[in-house]
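Student: Could you work out the structure for the sequence below:
(one chain, ligands or ions: 4)
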Amino acid sequence: MTSPVFSGLYRPSLALLTDLYQLTMAYGYWKRGLHEREAVFHLYFRRAPFEGGYAVAAGLALAIDYLENLRFAAEDIAYLAGLTGSQGARLFPDDFLAYLGKLKFTCDVDAVAEGTVVFGNEPLVRVQGPLLQAQLVETALLTIINFQTLIATKAARIRDAAGPHDTVLEFGLRRAQGPDGGLGASRAAYLGGADATSNVLAGRLYGIPVRGTHAHSWVQAFGDESQAFAAYADAFPDDSVFLVDTYDTLDGVRHAIAVALDMRQRGHELGGIRLDSGDLAYLSQEARKLLDTAGLENVRIVASNDLEETLIASLKQQGARIDTWGVGTQLVTAYDQPALGGVYKLAALRTANSQGWDFTLKLSEQQAKTSIPGILQVRRYLGDQGQPRADMIYNIAAPTPLPAAPTILDPADATRRRPVRPSAPFRDLLSPVLRQGQLVQPLPTLAESRVFARQEVNSLDASIRRFLNPHVYPVGLEQGLHEFRTQLMLAKRPVRLA
Ligand SMILES: Nc1ncnc2c1ncn2[C@@H]1O[C@H](COP(=O)(O)OP(=O)(O)OP(=O)(O)O)[C@@H](O)[C@H]1O
Ligand SMILES: O=P(O)(O)OC[C@H]1O[C@H](OP(=O)(O)OP(=O)(O)O)[C@H](O)[C@@H]1O
Ligand SMILES: O=C(O)c1cccnc1
Ligand SMILES: [Mg+2]
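Tutor: Numbers count the residues shown, from 1 in each chain. Ligands and ions are numbered 1, 2, ... in the order given. You can find the predicted model right below:
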């Protein structure tokens, strides 16, 4: 497969993009003959980022590209052969490395589509297959999905603040967490709701529209705004946006207007002006008046300067006349919460006789952090308008079938339960993506996932989308699963005498 997901940055092999312990466990499983025992892992986060009410799932296409191309190249094997432990002995023997050298990813993967709105504790990805393989991919899946989901969610919030009609441009590459952080952020920002990026490599790799204006240095290089604007218009007569705040912003607007009227004489129209400092509400209103008075109603006003969703919402509320929001640092670094705490937990293991399943969990002092055993699916119940009402996590391999009218229990407080109407419409969020390592059907394009993400966010109630103290969307465990998990917790919890 030639999809250029990680471009030339890391190709040809990402097999070593992992934590060492995945490889030491792989060897240990192989040595014990446990490597092919069938296992089920789930990837999920516990809390939506940014104190928000939801997240936008993202990164699946990158994760699938990684899985489909997972191979240990000869150079990878040679590197692993040279690794030694604290006593100087080799970590990995040749017969194990020969096994790794032939390894291909043959697991089944089920996942929520990119762009789906998701909530804490819901599996976004389920991996089922040989224990060694399903474990090995943990770190790469997490680094891909955590960051993509984080930035797509930030972009969705920024899009919500800007509203459906304004343009959002992602300008973050210079402040991103390195080259791959920048590339990945541009992809996720577009998926989550940005209209275009200034990042040209992201444009080329992912087909994102590329857009931009010019820098202050352009004006400084000419020393004179009118000359600088005229020169830019000469180079790009139909694609000019002038940055007006190098010296005095409103003087800059006047200079832009003079050049724009000159352009009009030649049959061209100025695209916009950009404000990058000062009071953006006041300056955009004044600039709008000056432009409109000059007959330049269609010249757009772009704003940039450390923008993020609450600032954009505030500027809107102040009556700012901004049509296009250039957002960099805050978006691509997820400045207010720079990591999503997604985890990858083992939830089921075939019994030694291969007949049944051992459902397994990781206990935690905090009950909410105890993992959920089973082979899990998420059922989203919908209202009359198709709007999400409540999500139920259930075990598709439970010994007893799902009741026709199940009850959903809040895992943090089992006294909070909601029965489901037997006729309530629903959809199951996880769908088959890989079967034995092979793609079941082509994944949606990035542009398709972007449209889907917007539909998804728009389907949520405003109370869940708001930035300040959003409502908690109901996510719970199906009653049978809750009871089973509680039993398992009691069985595993050591009894300590008081
Ligand atoms: N009307 C406004 N209400 C709230 N915040 C605003 C408003 N106008 C601008 N801001 C924000 O205030 C912050 C500071 O902007 P300001 O232009 O004062 O300083 P600056 O970034 O140092 O500018 P400069 O580029 O001139 O150094 C920026 O994040 C900007 O987006
Ligand atoms: O503010 P951000 O959301 O990151 O958007 C990108 C910023 O990058 C550019 O300038 P840069 O920050 O390099 O210099 P400046 O602050 O002096 O304008 C641009 O003018 C924006 O201000
Ligand atoms: O094109 C722009 O205006 C731009 C690009 C990157 C960063 N800031 C602004
Ligand atoms: Mg800046």
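
Student: which helices and strands does whichever strand or helix holds residue 289 pack with?
Tutor: Using DSSP states H and E, the element containing residue 289 is helix 280-293. Contacts defined by 3 or more Cβ pairs under 8 Å, 6 or more residues apart in numbering; DSSP states H and E place helix 280-293 against helix 249-265, strand 272-275, strand 300-303, helix 309-317. For every residue, glycine as well, the C-beta is placed using N, CA and C.

Student: highest average neighbour count across these?
Tutor: Stretch with highest mean neighbour count among these: strand 272-275 (a mean of 25; mean count of other Cβ atoms under 10 Å).

Student: counting contacts, what elements does that one pack onto?
Tutor: strand 241-243, helix 249-265, helix 280-293, strand 300-303.

Student: In the sheet, which strands lie alongside it, parallel or antiparallel?
Tutor: strand 241-243 (parallel), strand 300-303 (parallel) (DSSP bridges).

Student: Please name whichever of the helices and strands packed on helix 280-293 is nearest to residue 142.
Tutor: Closest to residue 142 of these is helix 309-317 (Cβ to Cβ; 25.4 Å).

Student: can that closest one be found next to ligand 1?
Tutor: Yes: using Cβ under 6 Å from any ligand atom, helix 309-317 reaches ligand 1 at 311, 314, 315.

Student: who does that helix touch, helix- and strand-wise?
Tutor: With 3+ Cβ pairs under 8 Å, 6+ apart as the test, helix 309-317 has helix 138-162, helix 280-293 packed against it.

Student: how near is the residue in the stretch 251-400 of the chain that ligand 2 sits nearest to to residue 218?
Tutor: Closest residue of the stretch 251-400 of the chain to ligand 2, Cβ to the nearest ligand atom: residue 328 (2.7 Å). As judged by Cβ to Cβ, to the nearest Å, residue 328 and residue 218 stand 18 Å apart.

Student: Neighbour count: the two, which is higher?
Tutor: Legend: neighbour count by other Cβ atoms under 10 Å for residue 328 and residue 218, higher for residue 328 (22 against 17).

Student: Wait, that one touches residue 168, no?
Tutor: No: judged on Cβ atoms under 8 Å, residue 328 makes no contact with residue 168 at a distance of 11.4 Å.

Student: before we move on, back to that, can you add distance to ligand 2 and mean pLDDT and give the helices and strands packed on strand 272-275 back as TSV?
Tutor: Formatted as TSV, the helices and strands packed on strand 272-275 follow (distance: least, Cβ to the nearest ligand atom, whole Å; pLDDT from 0 to 100):
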stretch	distance to ligand 2	mean pLDDT
strand 241-243	7	98
helix 249-265	13	98
helix 280-293	11	98
strand 300-303	10	99
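
Student: Next, format these as TSV and append distance to ligand 3.
Tutor: Shown next, in TSV, are these (distance: least, Cβ to the nearest ligand atom, whole Å):
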stretch	distance to ligand 3
strand 241-243	7
helix 249-265	14
helix 280-293	15
strand 300-303	7
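
Student: can you tell me which of these comes nearest to residue 475?
Tutor: Residue 475 lies closest, by Cβ to Cβ, to one member of the helices and strands packed on strand 272-275: strand 300-303, at 36.8 Å.

Student: Send me the closest one as PDB with only the CA atoms.
Tutor: Presented in PDB, the C-alpha positions along strand 300-303 are these (Å, rounded to 0.1, in the frame of the first residue of the first chain):
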ATOM      1  CA  ARG A 300     -13.000  39.800   3.800                       C
ATOM      2  CA  ILE A 301     -11.400  40.400   7.200                       C
ATOM      3  CA  VAL A 302      -9.100  37.800   8.400                       C
ATOM      4  CA  ALA A 303      -7.900  37.800  12.100                       C
END
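
Student: do you know how far the residue of the stretch 251-400 of the chain closest to ligand 2 is from residue 173?
Tutor: From residue 328 to residue 173 the distance is 8 Å (Cβ to Cβ).

Student: residues from this protein in reach of ligand 1?
Tutor: 277, 278, 279, 280, 281, 305, 306, 307, 311, 314, 315, 318.

Student: what sits against the fourth one?
Tutor: Contacts for residue 280 (Cβ atoms under 8 Å, 6 or more residues apart in numbering) come out as 303, 305, 315, 320, 322.

Student: hmm, which two among those residues are most spread apart?
Tutor: Taking Cβ to Cβ, no two of the contacts of residue 280 sit farther apart than 305 and 320, at 12.3 Å.

Student: Of all residues in the chain, which one is nearest the centre?
Tutor: Residue closest to the average C-alpha location in the chain (Cα atoms, centre = their mean): residue 149, at 1.8 Å.

Student: In the chain, where is pLDDT below threshold?
Tutor: Confidence mapping of the chain against pLDDT under 70 gives the ranges 1-12, 498.

Student: domains in it, as residue ranges please.
Tutor: Listed domain ranges for the chain are 22-70+106-151+342-492, 213-322 (source: automatic domain parsing).

Student: okay, these in CSV with distance to residue 82 next?
Tutor: Below are those laid out as CSV (distance: least, Cβ to Cβ, whole Å):
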stretch, distance to residue 82
domain 22-70+106-151+342-492, 13
domain 213-322, 46
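
Student: Would you mind naming what in the stretch 151-300 of the chain lies close to ligand 3?
Tutor: Looking at ligand 3, the residues of the stretch 151-300 of the chain close enough under Cβ under 6 Å from any ligand atom are 171, 198, 212, 213, 274.

Student: Can you give me every residue that contacts the second one?
Tutor: This points to residue 198. Residue 198 touches 169, 170, 171, 173, 210, 211, 212, counting by Cβ under 8 Å, 6+ apart.

Student: Does residue 80 lie in a helix or a strand, and which?
Tutor: helix 74-81.

Student: which helices and strands sit right next to that helix?
Tutor: helix 94-102.

Student: what helix or strand is the residue of the stretch 351-498 of the chain found nearest ligand 1 on?
Tutor: Per Cβ to the nearest ligand atom, residue 467 is where the stretch 351-498 of the chain lies closest to ligand 1, at 15.0 Å. Residue 467 belongs to no helix or strand when elements are defined using DSSP H and E.
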